[in-house]
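Enquirer: return atomic coordinates for the entry below.
(chains A, B, C and D)
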2 protein chains.
Amino acid sequence: MSIPTTTTRQRIIAAADTLFAERGFAATSLRSIAAGAGVNLAAANYHFGTKQGLLSATLRARITPMNEMRLRALDELEARPATLSVDKVMDAYFLPFVSGELDGSLPRIIARIHAEPEDLIRPLLEQEFLPVVERFAGALHPLLPHLDSDELRWRLHFAVGAMLHLLIFPSPLGVGAASAAGNESEGAVTAFSRLQQFVVAGLQQGRKHSPLEQQP
Amino acid sequence: MSIPTTTTRQRIIAAADTLFAERGFAATSLRSIAAGAGVNLAAANYHFGTKQGLLSATLRARITPMNEMRLRALDELEARPATLSVDKVMDAYFLPFVSGELDGSLPRIIARIHAEPEDLIRPLLEQEFLPVVERFAGALHPLLPHLDSDELRWRLHFAVGAMLHLLIFPSPLGVGAASAAGNESEGAVTAFSRLQQFVVAGLQQGRKHSPLEQQP
DNA sequence: CTATAGTTCAAACGTTCGTTTGAATTTGTG
DNA sequence: CACAAATTCAAACGAACGTTTGAACTATAG
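Expert: Predicted structure coming up:
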């Protein structure tokens, strides 16, 4: 009892990201976080300074391992260059959400921060994700030689958007929830398989971008 | 002075959706809305009952015209069946964001509501968007006969996600903002042109979905 | 004009918020 | 053990929140 299995810091972060994911940043009070973590209200300010500081710490605690998993998967792919493909690279990017290894509230946390007011979150977003995007763009570029650097990044942008939307809405409007009854994570796996095929087709599409002119 | 050009109701909605778009629902106070609209604080509660009621009214006031514009554009396309194509149908879906006709805060409003807590927004979302998705799915189905109904809706789901992401982030990480200096809306037009090509490729992709098996 | 319904207003209600305080307690170190 | 640093705690702070109230004002209709 004198040494709990988790530190106060960790328990606050765990409660915080669950609640941030559920209700958003502004709608989550420090009191509800403290209650959820089973700690005193003042502990949040003691360990993280302000509510904003807690948000930053919470996001980093979730995003960093996620992106490390992605980069590790990409490293392993590139160790066998003969088997490299756009499919596999995108699988590496989607991996954190189908492996089941990470925290369950990760999808919604990731999706939600992309909708928070820019000033709060944009710097952190750029700092955490830009290196990853650059790394994946570098891996995809030899596989998609017909795309210039900007076009590739635009298409990755769209691919990420499709992924984030899937994270918030696990099934489309008008389509019933999970496939096999009860098994929710299997539904997620096939959904990400569909997503992968969709974005790979978009990435590979051959026509060059020509503004103000639709193909006839 | 006795007859203002806009009613109190309209001024409140105008101020509300600007602020909701900028800061989100929970982070926007009725006081800041009243101040922005130049009306008394109590007017919001008088006209809309609660803050939640104001949110619903605000969203409907923006979403309904947007979706009517989409359906009108699709109607006009279908009046000339010979020229129907997946490209043109998706153009009709993206139209509200490239035509410049609607309110400037529309993109962010649309994008943000998709990240709000489900209980608040999901019913309204389904009520407003499901008929539109069904209509567009119906138009696309003859053009994509190799897709069954579910697969088509999944792919539309991803297309919408890519679009929403573009609405929040007008340019990808690592790519400078607008193309031609100053002209921001031209940048939006070419961005949506890129988006259209991306999602059309994803929609048209020919392989059937086969779970747990990547193509060799 | 008078009566009535609709609307605006300043003020206040009780609640909840993020943060601070200072004392109590626990932990680490010699 | 004794001392110091780190951490936890109950309590309180002022500020801001959504909502309500009742009077003042405006428009409409008989």
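
Enquirer: list phi and psi for the nearest residue in space to residue A:157 that is not next to it in sequence.
Expert: Among residues not flanking residue A:157 along the chain, residue B:172 sits closest, at 3.6 Å (C-beta to C-beta, 6 or more residues apart in numbering or on different chains). The way it works is simple: take the backbone N, C-alpha and C, and place the C-beta from them, glycine included. Here is the backbone geometry of residue B:172 (degrees, to the nearest 10): phi -70, psi 160.

Enquirer: measure residue B:172 to DNA strand D for me?
Expert: 34 Å (C-beta to the nearest atom of the strand, to the nearest Å).

Enquirer: so for that residue, what's the pLDDT?
Expert: If you check residue B:172, the pLDDT there is 94.

Enquirer: the residue nearest the centre of chain A: what's it in contact with?
Expert: Nearest residue to the geometric centre of chain A (C-alpha atoms, centre = their mean): residue A:110, 4.5 Å. Each residue near residue A:110 by C-beta atoms under 8 Å, 6 or more residues apart in numbering or on different chains is listed here: A:62-63, A:66, A:164, A:167.

Enquirer: which strand or helix spans it?
Expert: Secondary-structure assignment from DSSP states H and E places residue A:110 in helix A:106-113.

Enquirer: and residue A:201, how far is that from residue A:87?
Expert: In this view, residue A:201 and residue A:87 are 11 Å apart by C-beta to C-beta, to the nearest Å.

Enquirer: more neighbours: the two, which one.
Expert: Between residue A:201 and residue A:87, residue A:201 has the larger neighbour count (other C-beta atoms under 10 Å in any protein chain shown), namely 21 against 17.

Enquirer: now the more buried one: phi and psi?
Expert: Torsion angles, degrees, to the nearest 10, at residue A:201: phi -60, psi -40.

Enquirer: can you check residue A:170 too?
Expert: Phi and psi for residue A:170, reported as degrees, to the nearest 10, are phi -70, psi -10.

Enquirer: I'd guessed it sits against residue A:191; true?
Expert: Yes - using C-beta atoms under 8 Å, residue A:170 makes contact with residue A:191 at a distance of 6.5 Å.

Enquirer: ok, the two, which is more surrounded?
Expert: Neighbours were counted for residue A:170 and for residue A:191 using other C-beta under 10 Å; residue A:191 has more, 24 against 14.

Enquirer: pull the longest helix from chain A.
Expert: Counting by DSSP state H, the longest helix found in chain A is helix A:51-78.

Enquirer: quick one: contacts of the next helix or strand after it?
Expert: Using DSSP H and E, the helix or strand that follows helix A:51-78 in sequence is helix A:86-98. Applying C-beta under 8 Å, 6+ apart, the external contacts of helix A:86-98 come out as A:66, A:69-70, A:73-74, A:77, A:102, A:106-107, A:136, A:139-140, A:143-144, A:159, A:163, A:167, A:188-189, A:192, A:195-196, A:199-200, A:203-204, B:214-215.

Enquirer: how about 7 Å then?
Expert: A:66, A:69-70, A:73-74, A:77, A:102, A:106-107, A:136, A:139-140, A:143-144, A:163, A:167, A:188-189, A:192, A:195-196, A:199-200, A:203-204, B:214 (C-beta atoms under 7 Å, 6 or more residues apart in numbering or on different chains).

Enquirer: could you flag which of those residues are buried?
Expert: A:66, A:69-70, A:73-74, A:77, A:106-107, A:136, A:139-140, A:143-144, A:163, A:167, A:188-189, A:192, A:195-196, A:199-200, A:203-204 (16 or more other C-beta atoms under 10 Å in any protein chain shown).

Enquirer: could you list the low-confidence segments of chain A?
Expert: A:1-5, A:177-186, A:207-216 (pLDDT under 70).

Enquirer: show me what from chain A comes close to DNA strand C.
Expert: Counting by C-beta under 7 Å from any atom of the strand, chain A comes close to DNA strand C at A:2-3, A:28-32, A:41-42, A:44-45, A:49-52.

Enquirer: tell me the most packed of those, by neighbour count.
Expert: Highest neighbour count within these: residue A:44, with 25 neighbours (other C-beta under 10 Å).

Enquirer: where exactly do the helices run in chain A?
Expert: With DSSP H as the criterion, chain A has helices at A:8-23, A:30-37, A:41-48, A:51-78, A:86-98, A:106-113, A:118-140, A:149-168, A:184-204.

Enquirer: got these as JSON lines, with distance to residue B:82 columns?
Expert: Converted to JSON lines, these look like this (distance: least, C-beta to C-beta, whole Å):
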{"stretch": "helix A:8-23", "distance to residue B:82": "49"}
{"stretch": "helix A:30-37", "distance to residue B:82": "59"}
{"stretch": "helix A:41-48", "distance to residue B:82": "63"}
{"stretch": "helix A:51-78", "distance to residue B:82": "46"}
{"stretch": "helix A:86-98", "distance to residue B:82": "35"}
{"stretch": "helix A:106-113", "distance to residue B:82": "41"}
{"stretch": "helix A:118-140", "distance to residue B:82": "38"}
{"stretch": "helix A:149-168", "distance to residue B:82": "30"}
{"stretch": "helix A:184-204", "distance to residue B:82": "26"}
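
Enquirer: the closest residue to residue A:134 other than its chain neighbours: neighbour count?
Expert: What sits nearest to residue A:134 in space, not counting adjacent residues and going by C-beta to C-beta, 6+ apart, is residue B:174, at 6.3 Å. By other C-beta under 10 Å, the residues close to residue B:174 number 17.

Enquirer: isn't residue B:174 up against residue A:154?
Expert: No - counting by C-beta atoms under 7 Å, residue B:174 does not reach residue A:154; the two are 10.3 Å apart.

Enquirer: rewinding a little: and chain B, which of the buried ones among the contacts of helix A:86-98 contact it?
Expert: The subset of these within reach of chain B, by C-beta under 7 Å from any C-beta of the partner chain, is A:195, A:199.

Enquirer: how about residues contacting stretch A:196-207?
Expert: The contact list for stretch A:196-207 (C-beta under 7 Å, 6+ apart) reads A:86-87, A:90-91, A:94, A:144, A:146, A:155, A:158-159, A:162, A:215, B:155, B:158, B:197-199, B:201-202, B:205, B:207, B:209.

Enquirer: contacting residues for residue A:152?
Expert: Residue A:152 neighbours (C-beta under 7 Å, 6+ apart): A:137, A:140-141, A:144.

Enquirer: ok, the residue nearest to residue A:155 when sequence neighbours are not counted to DNA strand C distance?
Expert: Once flanking residues are discounted, residue A:155 sits nearest to residue A:203: 5.1 Å by C-beta to C-beta, 6+ apart. Separation of residue A:203 from DNA strand C (C-beta to the nearest atom of the strand) stands at 41 Å.
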